[in-house]
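K.L.:
From the sequence below, what's the structure:
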Amino acid sequence: MVGVVLLFVGAVLLVNGMGGLGRVDVRSMAIMNFMVAGLALAATLLQFSRAETPAEFFGVAQFFLFTFTYVYVATSLWLELDMRGFGWFCFFVALTTIPCALMTFRGGDVRFGSFWLIWGALWFMFYLSNAHGTNFGKLLPYTTIAVGVLTCWIPGLLMLTERW
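P.N.:
The predicted structure is shown next:
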């Protein structure tokens, strides 16, 4: 399930990065975000329905970080809302990635522990950009694309082809 979600998170980060470069229309970006949010929501609810231990519920919470991100982006873009609220949500998520990374490292998974730190840095950039108006120029869209390809798309494909 993680591989499927990561594959499509990679796709949405590619589309969002291209949107940040002005190569994708905002409403088109919103549609991709709605689709990935729906997929992530279905996967998260399935995981939630099977969770029994605190560790399993922690995994559910981690999935919801992604799910709510794409619901928030999709809705905000579609309705042309002010993105400052999304920026502050990204601050919350960026902070939350720190214990996610620590718990993942503690569990012995260096790759995903590192991914959590990388994802947290990206969410922090979105916080600075949307809540404070920091202008990263092309750095933020290119970072979004790189993070999507290197930490989501490729790992998702490797998981789905049993090469992870």
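K.L.:
ok, so what distance separates the residue nearest to the spatial centre of the chain from residue 96?
P.N.:
Taking Cα atoms, centre = their mean, the centroid of the chain lies closest to residue 66, which sits 4.4 Å from it. Separation of residue 66 from residue 96 (Cβ to Cβ, to the nearest Å) stands at 11 Å. For glycine as for every other residue, the C-beta is placed from the backbone atoms N, C-alpha and C.
K.L.:
all helices of the chain, in order?
P.N.:
Secondary structure of the chain by DSSP state H: the helices cover 2-20, 26-50, 54-78, 84-106, 110-132, 139-148, 154-160.
K.L.:
coming back round to it: let me see the contact set for the residue nearest to the centre of the chain.
P.N.:
Shown in contact with residue 66 (Cβ atoms under 8 Å, 6 or more residues apart in numbering): 5, 9, 40.
K.L.:
before we move on, what about residue 160?
P.N.:
3-4, 7.
K.L.:
what's the answer for residue 2, then?
P.N.:
Shown in contact with residue 2 (Cβ under 8 Å, 6+ apart): 156, 159.
K.L.:
pLDDT value on it, please?
P.N.:
At residue 2, the model reports a pLDDT of 95.
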